[in-house]
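Trainee: Provided below are the primary sequence and the corresponding predicted coordinates.
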Amino acid sequence: MTVQPAFDPEWYRKAVFYEVMVRSFKDSNGDGFGDFRGLIEKLDYLQWLGIDAVWLPPFFPSPLLDGGYDVADYTGINPLYGSMSDFDEFLEGAHSRGMRVVIDLVINHTSSAHDWFQQSRSDPAGPFGDFYVWSDTNDKFDNVRIIFTDTETSNWAWDDVRQQFYWHRFFSHQPDLNFENPGVHEAVFDIARFWLAKGVDGFRLDAIPYLYVSEGNSGESEPETHAFIQALRAMIDREFPGRMLVAEANQQPREVLEYLGTVETPECNMAFNFPVMPYIFYALKSADVTGLAATLNDLPAVPDGSAWGVFLRNHDELTLEMVNDSEREQMYDWYAPEPRMKVNVGIRRRLAPLLDGRRDKLELANALLLSLPGSPFLYYGDEIGMGDNIWLDDRDASRTPMQWSAGEAGGFSQGSIDSLYLPVVSSPEYSSDVVNVESQMTNPSSILNWTRDMLSLRKSLFALQTGTYRGLTTGSSSVLAFVREPEGPGNPIVCAFNFSESPITVSIPGVAPANSVLDDVRLVNSGIEVNEDGLLEVELPPMSWHWLRVS
Ligand code: NOJ
């Protein structure tokens, strides 16, 4: 095991995470695929940016029919990405720079290429015969919805070898594991122990609501699924204290919250905040924060020691499962004017093009992300405002090579341009000649340097890391305001965001006593006084925001 960063059991509550697919970041050997040695070369960049933890989606041997979420061997490294010793060196390199590493634990399903499935289909009486969910008919569990609506018409697929149907919640090449089988639990525990013993700091639990399925139910969040997560967490706390689990559960707030468990029976340490994310995009286009404010105000409190993971974009589509039907239609109209931009129940575009490449909107969205309760997760390339390529299949639209410098390959690879796993974005506004790390690093006013400065500023404001959240009344449907109050020492921070294209001045009650002065943390000597009536008057130019320190 590598040297771990200093022990802090709640490190994830203060961390800024950065999601990077190994394949997409940096190709060290010219074969067109990003790899661990490339990632090692770029650790200094991540440290410079101010990242605390790196999240790596699956990098295991895989047919790569679902970006690696089709795992064929849980304890190996895809040879395209390097070797186990490259991984070890990467982990060591991250830890020695004080950064932690979280990896994906994909346990709802395997690839059909996994040896367990191959054995299960050919030897039903053998040790893996019951590792998957088999049936003679394809009509069981018919309450369960289909997730990949664009590609799948049933959750059952026929297997010619075993002459039975098998259950799959995602692509038909991803058979679901059978959690009714205790052997599956043991196998999953062994995988977790393997990577924890190497020193990884935590797991993102992929597709975690779907582990158990039973007749008459929805196949989501069943009680046995929660019991399994509790057992996994208990094992980790006992054998590897200080590591963490983050739940990928695209569910309504109260249901997501269940993935955190309780203080007595904890489940995950964090859960992605799927309900809030789409309302940020709704507000950015409508200039109406009503839905966003309501969702934030209604968020249940998380159990002590746990935290939300907040995000704007990730390697998947911008999912619209959490908004209502009319909001969803509206968002498709705004954000997916071309049918190709849609996938499943969402939109396959990157942050900068979604926001029309507008710097003011990018800053507003990111400033909000860094102010929300929970720990922010950034998606690689968004810190430079990278574009997408909707002519690529499925979610590959926003998984193109990282743009390090100008030129056809964007500094991603020295190999031939035809060998790249996906082409570098080449549209006029977002090509690597226009959008790249090298030029932005030397430009003090670039979005990259802005992001870096913001991460460093946030790090100095304890209230924004672990503080409580209280929504404030602004009297304007275009202005969202709230106060974050620190758990311990530090000052409360009032955060206010104007989502409209017009300047607005709001009067906010209930922030601080009359005549007290709040400082704008971005500017020196810029106090705003709370007036005689106890109202904080904040002037907000169009698409602007303030972080104000209450002394
Ligand atoms: C969730 C992952 O984020 C997504 O990329 C993947 O396709 C599904 N799980 C299925 O594995």
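Mentor: Alright, I've got the coordinates.
Trainee: my guess is Trp391 meets Arg340, correct?
Mentor: Yes. With contact defined as C-beta atoms under 8 Å, Trp391 reaches Arg340; the gap is 7.5 Å. Any C-beta I mention is one placed from the backbone N, CA and C, and that applies to glycine too.
Trainee: Looking at the two, which has the bigger crowd around it?
Mentor: Arg340 (13 against 10; other C-beta atoms under 10 Å).
Trainee: contacting residues around the more buried one?
Mentor: 390-391 (C-beta atoms under 8 Å, 6 or more residues apart in numbering).
Trainee: and if you look at the one 4 residues further on?
Mentor: Shown in contact with Asn344 (C-beta under 8 Å, 6+ apart): 147-150, 317, 319.
Trainee: Could you do Ala514 as well?
Mentor: If you count contacts by C-beta under 8 Å, 6+ apart, Ala514 has them with 530-534.
Trainee: pretty sure it is in a strand, no?
Mentor: No. Going by DSSP: H, G, I helix; E, B strand; the rest coil, the assignment for Ala514 is coil, not a strand.
Trainee: how close does it sit to Pro79?
Mentor: Taking C-beta to C-beta, to the nearest Å as the measure, Ala514 falls 67 Å from Pro79.
Trainee: burial count for the residue in the stretch 351-500 of the chain that the ligand sits nearest to?
Mentor: Nearest residue of the stretch 351-500 of the chain to the ligand: Arg395, at 6.6 Å (C-beta to the nearest ligand atom). Residues near Arg395, counting by other C-beta under 10 Å, number 18.
Trainee: How is the chain divided into domains?
Mentor: 11-108+179-459, 109-176, 467-550 (the TED database).
Trainee: show me the contacts for the closest residue to the ligand within the stretch 51-200 of the chain.
Mentor: Distances between the stretch 51-200 of the chain and the ligand by C-beta to the nearest ligand atom are smallest at Tyr69, namely 3.3 Å. Counting by C-beta under 8 Å, 6+ apart, Tyr69 touches 57-58, 62, 104, 106, 170, 174, 206.
Trainee: same question, Ala247
Mentor: So Ala247 contacts 205, 208, 229, 256, 259-260, 267-268, 270-272 (C-beta under 8 Å, 6+ apart).
Trainee: I'd like to know which of these are part of strands.
Mentor: Residues of the contacts of Ala247 located in strands (DSSP state E): 205, 270-272.
Trainee: Now render the residues you listed as TSV, adding neighbour count.
Mentor: Below are those laid out as TSV (neighbours: other C-beta atoms under 10 Å):
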residue	neighbour count
Leu205	26
Met270	28
Ala271	28
Phe272	24
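Trainee: Please, where are all the strands along the stretch 101-250 of the chain?
Mentor: 134-135, 156-159, 164-167, 202-205, 244-247 (DSSP state E, counting those that start in this stretch).
Trainee: Neighbours of Val3, how many?
Mentor: Residues near Val3, counting by other C-beta under 10 Å: 9.
Trainee: so Gly527 makes contact with Val521?
Mentor: No. With contacts counted by C-beta under 8 Å, Gly527 stays clear of Val521, the gap being 11.6 Å.
Trainee: Have a look at those two and say which one is more surrounded.
Mentor: Legend: neighbour count by other C-beta under 10 Å for Gly527 and Val521, higher for Val521 (18 against 13).
Trainee: Now do the same contact list for that one.
Mentor: 457, 461, 493, 547-549.
Trainee: Tell me how far Met164 lies from Trp308.
Mentor: Let me fix one detail, which is that residue 164 is Gln and not Met. In terms of C-beta to C-beta, Gln164 sits 41 Å off from Trp308.
Trainee: Which one of the two is surrounded by more residues?
Mentor: Trp308 (26 against 17).
Trainee: Name the SS class of the more buried one, please.
Mentor: Going by three-state DSSP: Trp308 is strand.
Trainee: could you give me the average pLDDT of the helix or strand hosting Glu539?
Mentor: According to DSSP states H and E, Glu539 maps onto strand 535-540. The pLDDT scores in strand 535-540 average 96.
Trainee: Closest to Asp298 out of the contacts of Val521?
Mentor: Using C-beta to C-beta, Ile493 comes nearest to Asp298 of those, at 21.6 Å.
Trainee: For the closest one, name its beta-bridge partners.
Mentor: Arg484, Arg549 (DSSP bridges).
Trainee: which residues touch it?
Mentor: For Ile493, the contacting residues are 371, 461, 463-464, 467, 483-484, 521, 547-550, by C-beta under 8 Å, 6+ apart.
Trainee: Quickly note the distance from the residue nearest to Tyr380 when sequence neighbours are not counted to Pro337.
Mentor: In space, and not counting its chain neighbours, Tyr380 is closest to Val20: 4.2 Å by C-beta to C-beta, 6 or more residues apart in numbering. Distance check for Val20 against Pro337: by C-beta to C-beta, it reads 29 Å.
Trainee: ok, these two, which is more surrounded?
Mentor: Per other C-beta under 10 Å, whichever of Val20 and Pro337 has more neighbours is Val20, with 23 against 9.
Trainee: Under a three-state scheme, what state does His315 occupy?
Mentor: Taking three-state DSSP, the label given to His315 is coil.
Trainee: If you tally nearby residues, what's the number for the closest residue to Pro209 other than its chain neighbours?
Mentor: Counting by C-beta to C-beta, 6+ apart, Glu220 is the residue found nearest to Pro209 once chain neighbours are left out, at 4.4 Å. When neighbours are counted by other C-beta under 10 Å, Glu220 registers 20.
Trainee: and Glu220, what does it touch?
Mentor: Glu220 touches 144, 209-210, 251, 255, counting by C-beta under 8 Å, 6+ apart.
Trainee: of those residues, closest to the ligand?
Mentor: Taking C-beta to the nearest ligand atom as the measure, the ligand sits nearest to Tyr210 out of the contacts of Glu220, at 9.3 Å.
Trainee: for that closest one, what are its contacts?
Mentor: Contacts of Tyr210 by C-beta under 8 Å, 6+ apart are 108, 169, 176, 219-220, 225.
Trainee: give me that answer again for 6 Å
Mentor: Contact analysis of Tyr210 by C-beta atoms under 6 Å, 6 or more residues apart in numbering lists 108, 169.
Trainee: Got the confidence number for it?
Mentor: For Tyr210, the model assigns a pLDDT of 98.
Trainee: let's number from 23 now, not from 1
Mentor: In the new numbering, first residue 23, that becomes Tyr232.
Trainee: mind giving me a markdown table with the contacts of Ala269 and columns for distance to the ligand?
Mentor: Formatted as a markdown table, the contacts of Ala269 follow (distance: C-beta to the nearest ligand atom, whole Å):
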| residue | distance to the ligand |
| --- | --- |
| Leu227 | 10 |
| Ile230 | 10 |
| Ile251 | 16 |
| Val278 | 15 |
| Tyr281 | 14 |
| Leu282 | 19 |
| Glu289 | 18 |
| Cys290 | 15 |
| Met292 | 15 |
| Ala293 | 14 |
| Phe294 | 10 |
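Trainee: Report the two of these separated the most.
Mentor: Every pair of the contacts of Ala269 checked by C-beta to C-beta; the farthest is Ile251 and Phe294, at 14.6 Å.
Trainee: Could you pull out the buried residues of stretch 497-513?
Mentor: Buried residues in stretch 497-513, defined by neighbour count with 16 or more other C-beta atoms under 10 Å: 498, 500-506, 508, 512-513.
Trainee: Can you give the contact residues for it?
Mentor: 309-312, 315, 484-486, 488-494, 496, 514-522, 526, 528, 530, 571-572.
Trainee: Mind checking which of those are in strands?
Mentor: Per DSSP E, the contacts of stretch 497-513 map to strands at 490-493, 515-520, 526, 528, 530, 571-572.
Trainee: Pull the most distant pair out of those residues.
Mentor: Largest pairwise distance in these, by C-beta to C-beta, is 25.9 Å, between Thr490 and Ile526.
Trainee: and these two? which has more neighbours close in?
Mentor: Ile526 (20 against 14).
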